[in-house]
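1. kindly generate the corresponding structure for this input.
(2 chains)
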Amino acid sequence: MGNRAAKGRQVTDVSLYSKLLIGVFLVTTLITLVGLARRGRLSACVSFPIYLLLVATLEALWLFWPEQFWTYAFLLQKETLQAVAKLLLVAELGFRTMRYFPGASARARVLAGPMLFAAAILLHRTARGVALWPFLTLSQVQTWATWALLVLTIVVVYHNLPLEDFHRALLVGLATYSGLWAAILGGYQVFGYDTLQRSIGSKLNGLGWTVLVVYWTWAAWRPVQQPALSEQTIERLRALQAAA
Amino acid sequence: MIALLLLAPIAIVALHVVLGQHNAQRARDEWESILQEASPAAVEVLAQSVRFDAVETQAHTEGALAAHARGDLPEAIRLLRLSYAVIQEAAPDRSQRLEAMGRLIRMAIAVTPVEPVATGSLRLPSLTAVAALATPLHYFLIHPAERFWLRVRVLRVGFWLAFRVLTRSLAEATVRPAAGRAWTIFDAGASDWRCLDREHLETFRAFAKSIRLRRPGLVAREGGA
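-> Presented below is the predicted three-dimensional model:
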């Protein structure tokens, strides 16, 4: 249990499979960003393109300068940074879905807020390097993020809130991947990073992430369907909020 | 430790199951309707409809009972069918409105407290039993939205029971017009239907009010009602 001894050393060589997946990811990320811009979705969830760009940058560092960045220490820093971006994305997704619905928003804050707060505390510990089992801590962060997304979903369904197709794609994709990644990260800690990473962890994660980004590419390029709420309804909801 | 690893996959499965219940188009339509249709004018239109249906069913049922009493069975059955037709025509509208309100009330931000369905004026034993069972449950529930939901459920079950009783008693009265039991049951069913209809109107009134509570202009125009 624990991989602190491995900290700072070269983890392993970048396999051809990993290079291929990262390459596919970088290309699909670019296509996704172009799609977001073309369909006017860059502002639909501002933290999403930021999250994608951050992940792409960190993956590019791995791909192009492996001797410098393909290390255990960088892996932890990378995962911590990505988790921060992911939590921001979850928070923005919740805000955008519930911004016209103060009652639902309050309920979501009460239920999901502590989860995100717990995740932030865990991330802080990982960033400071005081987490005893960093992979397990990061796994718990992903788990909290997944549960926070589940809570958001429950609030959306319970209050029958309208959900943009694109936000739905973000929600489903993010939750599914976070859950998968949480299990893999936890597995790193339980079964040993080197063992699991070399066997299935890396492959499964790479495949899962690639599928996710391809799904998001499709969602980004998908023609805009009917908006979740008409302008008239949004005006009425704003009037209700203003009167409250 | 292994159990911890399962927490996230459990959440994934739950999320997909829960999200499967969500229909974006329906949510959009219902939000459009909740904000547009729960207006004072809509309440007034419904109130008129409830009053009109009540007058019609009462007049036809009383006419049918009178005709039955004087032995004019064809006329009695004709009037009974007319009374039934009014209810038959109104039934889908009531059912749809109650179903929509049951869903929409969770969407409403503020909810006017509602009373349980009154049992005093109900005549059918099955309906009285349902309403009586729901009354203690109503006071057990704390959240106004849950009480509202319960009231809507009771009304929906009530309408369904009343309509079933009316259909059966009409069929029985048609087959055996001389027997008095079916006529009495039809009369009780029609009376309960009117009672439920008034309760349904009150529910819609409370619902519309809960939506409008945050519109000071409207509240002021209604004298703070």
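2. show me where chain A has strands.
-> Remark: strands of chain A are absent; assignment by DSSP state E.
3. got any ranges where it has weak pLDDT?
-> A:1-14, A:130-132, A:193-199, A:239-244 (pLDDT under 70).
4. and the helices in the chain, which stretches?
-> If you meant another chain, say so; for now it's chain A. Ranges of helices within chain A are A:16-38, A:47-64, A:66-69, A:72-98, A:102-128, A:134-158, A:165-191, A:193-196, A:202-221, A:231-243, based on DSSP state H.
5. my bad, the chain I had in mind was chain B
-> B:2-19, B:24-37, B:40-69, B:73-104, B:125-140, B:144-175, B:181-212, B:216-221.
6. dump the helices of chain A to JSON lines, plus distance to chain B and mean neighbour count.
-> For glycine as for every other residue, the C-beta is placed from the backbone atoms N, C-alpha and C. Output for the helices of chain A, formatted as JSON lines (distance: least, C-beta to the nearest C-beta, whole Å; neighbours: other C-beta atoms under 10 Å in any protein chain shown):
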{"stretch": "helix A:16-38", "distance to chain B": "20", "mean neighbour count": "17"}
{"stretch": "helix A:47-64", "distance to chain B": "18", "mean neighbour count": "18"}
{"stretch": "helix A:66-69", "distance to chain B": "27", "mean neighbour count": "14"}
{"stretch": "helix A:72-98", "distance to chain B": "11", "mean neighbour count": "20"}
{"stretch": "helix A:102-128", "distance to chain B": "5", "mean neighbour count": "17"}
{"stretch": "helix A:134-158", "distance to chain B": "4", "mean neighbour count": "26"}
{"stretch": "helix A:165-191", "distance to chain B": "4", "mean neighbour count": "23"}
{"stretch": "helix A:193-196", "distance to chain B": "12", "mean neighbour count": "17"}
{"stretch": "helix A:202-221", "distance to chain B": "11", "mean neighbour count": "18"}
{"stretch": "helix A:231-243", "distance to chain B": "4", "mean neighbour count": "15"}
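7. center of the chain - which residue?
-> You didn't say which chain, so I picked chain A. Centroid-nearest residue in chain A, with C-alpha atoms, centre = their mean: residue A:86, separated by 3.8 Å.
8. wrong one, chain B
-> Short answer for chain B (C-alpha atoms, centre = their mean): residue B:155, at 4.0 Å.
9. what residues are up against residue 83?
-> With no chain named, the answer covers chain A. A:119, A:123, A:138, A:141, A:142, A:145 (C-beta atoms under 8 Å, 6 or more residues apart in numbering or on different chains).
10. try chain B instead
-> So residue B:83 contacts B:56, B:57, B:60, B:61, B:64, B:186, B:190 (C-beta under 8 Å, 6+ apart).
11. what pLDDT is listed against it?
-> Here the pLDDT value assigned to residue B:83 is 92.
12. neighbours around residue B:144, how many?
-> 17 (other C-beta atoms under 10 Å in any protein chain shown).
13. how about the one 4 residues further on?
-> Around residue B:148 there are 26 other residues, counting by other C-beta under 10 Å.
14. so it sits against residue B:204, correct?
-> No: Residue B:148 sits out of contact with residue B:204 when judged by C-beta atoms under 8 Å, with a separation of 11.2 Å.
15. would you check that residue A:159 makes contact with residue A:106?
-> No: counting by C-beta under 8 Å, residue A:159 sits too far from residue A:106 to count as a contact (11.0 Å).
16. so where's chain B uncertain?
-> Using pLDDT under 70, the flagged stretches of chain B are B:1-4, B:34, B:36-40, B:103-114, B:142-143, B:211-225.
17. before we move on, the earlier item: now the residue nearest to the centre of chain A: how far from residue A:138?
-> 11 Å (C-beta to C-beta, to the nearest Å).
18. do the same with residue B:116
-> 52 Å.
19. with residue A:96 instead?
-> Taken as C-beta to C-beta, the span from residue A:96 to residue A:138 is 26 Å.
20. what of residue A:105?
-> Relative to residue A:138, residue A:105 is positioned 28 Å away (C-beta to C-beta).
21. and if you look at residue A:35?
-> Distance from residue A:35 to residue A:138, by C-beta to C-beta: 30 Å.
22. with residue A:75 instead?
-> For residue A:75, the distance to residue A:138 - C-beta to C-beta - is 10 Å.
23. residue A:192 now?
-> 15 Å.
24. and residue B:127, by the same measure?
-> Taking C-beta to C-beta, one finds residue B:127 at 59 Å from residue A:138.
25. just residue A:71 next, same as before
-> 16 Å.
26. picking that back up, list residues touching both of residue B:148 and residue B:204?
-> With C-beta under 8 Å, 6+ apart as the test, residue B:148 and residue B:204 both reach residue B:101.
27. make JSON lines out of the helices of chain B and add distance to residue A:155.
-> Formatted as JSON lines, the helices of chain B follow (distance: least, C-beta to C-beta, whole Å):
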{"stretch": "helix B:2-19", "distance to residue A:155": "10"}
{"stretch": "helix B:24-37", "distance to residue A:155": "13"}
{"stretch": "helix B:40-69", "distance to residue A:155": "28"}
{"stretch": "helix B:73-104", "distance to residue A:155": "15"}
{"stretch": "helix B:125-140", "distance to residue A:155": "24"}
{"stretch": "helix B:144-175", "distance to residue A:155": "14"}
{"stretch": "helix B:181-212", "distance to residue A:155": "19"}
{"stretch": "helix B:216-221", "distance to residue A:155": "27"}
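28. most packed of these?
-> helix B:181-212 (a mean of 22; mean count of other C-beta atoms under 10 Å in any protein chain shown).
29. how far away from the center of its chain is it?
-> Offset of helix B:181-212 from its chain centre (C-alpha atoms, centre = their mean, to the nearest Å): 7 Å.
30. who are the packing partners of it?
-> Judged by 3 or more C-beta pairs under 8 Å, 6 or more residues apart in numbering or on different chains; DSSP states H and E, helix B:181-212 is in contact with helix B:40-69, helix B:73-104, helix B:144-175.
31. which one of those helices lies nearest to residue A:21?
-> Closest to residue A:21 of the helices and strands packed on helix B:181-212 is helix B:73-104 (C-beta to C-beta; 43.8 Å).
32. quick one: that closest one to helix B:181-212, angle?
-> Comparing the axes of helix B:73-104 and helix B:181-212 via axes from the mean of the first three to the mean of the last three C-alpha atoms, to 10 degrees yields an angle of 30 degrees.
33. contacting residues around stretch A:231-238?
-> Counting by C-beta under 8 Å, 6+ apart, A:100, A:101, A:229, B:31, B:32, B:35, B:36 sit against stretch A:231-238.
34. picking up where we left off before, contacting residues around the closest residue in space to the residue nearest to the centre of chain A that isn't next to it in sequence?
-> Leaving aside its chain neighbours, residue A:86 sits nearest to residue A:145 (5.7 Å; criterion: C-beta to C-beta, 6 or more residues apart in numbering or on different chains). By C-beta under 8 Å, 6+ apart, the residues touching residue A:145 are A:83, A:86, A:87, A:90, A:115, A:116, A:119, A:174, A:178.
35. surely the residue nearest to the centre of chain B meets residue B:200?
-> Yes: with contact defined as C-beta under 8 Å, residue B:155 reaches residue B:200; the gap is 5.4 Å.
36. any common contacting residues for those two?
-> Contacts common to residue B:155 and residue B:200, judged by C-beta under 8 Å, 6+ apart, are residue B:98.
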